[in-house]
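[1] model the following, please.
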Amino acid sequence: MILALLVLVSLTWTWLWRETSRMSVMDMPDMAGMRMSHLQMMGEGFAPWTPTLAANLFIMWFVMMVAMMTPSAAPVLLLYMGVARHAAGRGHRFASALWFFAGYLAAWALFSAAATLAHWLLESLAMLTPAMQPASRPLSAAVLLAAGLWQLLPVKDACLARCRAPLLFIQQRGGFQPGAAAALRLGVTHGLYCVGCCWLLMLVLFVVGVMNLLWIAGLMILVLVEKLAPGGRWIARAAGVAALFAGAWMLWSAAGPAGAMPPA
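    Numbering: from 1, shown residues only. Got it, this is the predicted structure:
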């Protein structure tokens, strides 16, 4: 299972690197007129959104979420496999861990659909450029302030506690059940807690650039540390304070010394 997760994460990061490389190529003057069939909004010849474009943008968001969240899901998947092996040794058959993982990813697919809708709305309001860069400093400041505040709220702690203690979470949900449907439901529930823990951190990508690989990697590491490090809760709070300061500074700088809003 560990090998399978490593392969999955490697494939998703390879895909992200490839798409980022294509974006960089399209920024070159001699390629300015080209458009990518699955991410048309990156080209100079920007066209209105189509169902195909929306679907491919959803795929982009979902691949990012798989790349960022799979490493932190490894402990609960290994726990599931250990319980399944123990049950098999006693003559009880459990559903494959793939059902649990599919449920976990389904929760992030729901988030990816919501992020795609937000992406369309922000671009329609000219708050996000066709190259997926922020075009509104007040909006960027608001996202950072919201993310920082969320990191300090009790609901964040509640979601993080369930992500940090998967065995306790599973016991509270009635324990492992042998059927595929039960494993799928448990995976969805665990995934929704992880979404609740991290959804505003993921929206920070609207501030730093949706396909910014450095920030994608940084957020992945932050989520991993929050969930697995001994002082994860305090690290989450420290990240929240940093986001609040960054958002306040961005809001102040956007207003300017005379209170006038400079161009984005």
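
[2] which helices and strands sit right next to the lengthiest helix in the chain?
    In the chain, assigned by DSSP state H, the helix with the most residues is helix 51-89. Under the contact definition 3 or more CB pairs under 8 Å, 6 or more residues apart in numbering; DSSP states H and E, helix 51-89 sits against helix 2-26, helix 97-124, helix 166-172, helix 180-203, helix 213-228. In short, each C-beta sits where N, CA and C put it, glycine included.

[3] residue 252 is nearest to which of those helices?
    Closest to residue 252 of these, according to CB to CB: helix 180-203, at 21.0 Å.

[4] so which bits of the closest one are buried?
    For helix 180-203, the neighbour count (16 or more other CB atoms under 10 Å) marks 180, 182-203 as buried.

[5] comparing the helices and strands packed on helix 51-89, which yields the minimum mean pLDDT?
    Here the lowest mean pLDDT among the helices and strands packed on helix 51-89 goes to helix 166-172, at a mean of 79.

[6] out of the helices and strands packed on helix 51-89, nearest to residue 71?
    Evaluated over these, closeness to residue 71 peaks at helix 213-228, with 5.5 Å, by CB to CB.

[7] quick check: next helix or strand after that closest one?
    With elements assigned by DSSP states H and E, the helix or strand that comes after helix 213-228 is helix 232-255.

[8] which parts of that next one are buried?
    Of the residues in helix 232-255, 232-233, 235-237, 239-240, 243-244, 246-247, 250-251, 254 count as buried by neighbour count, 16+ other CB under 10 Å.

[9] just give me the neighbour total for residue 155.
    10 (other CB atoms under 10 Å).

[10] what mean pLDDT does the strand or helix carrying it get?
    In this assignment (DSSP H and E), residue 155 forms part of helix 154-164. Averaged across helix 154-164, the pLDDT comes to 92.
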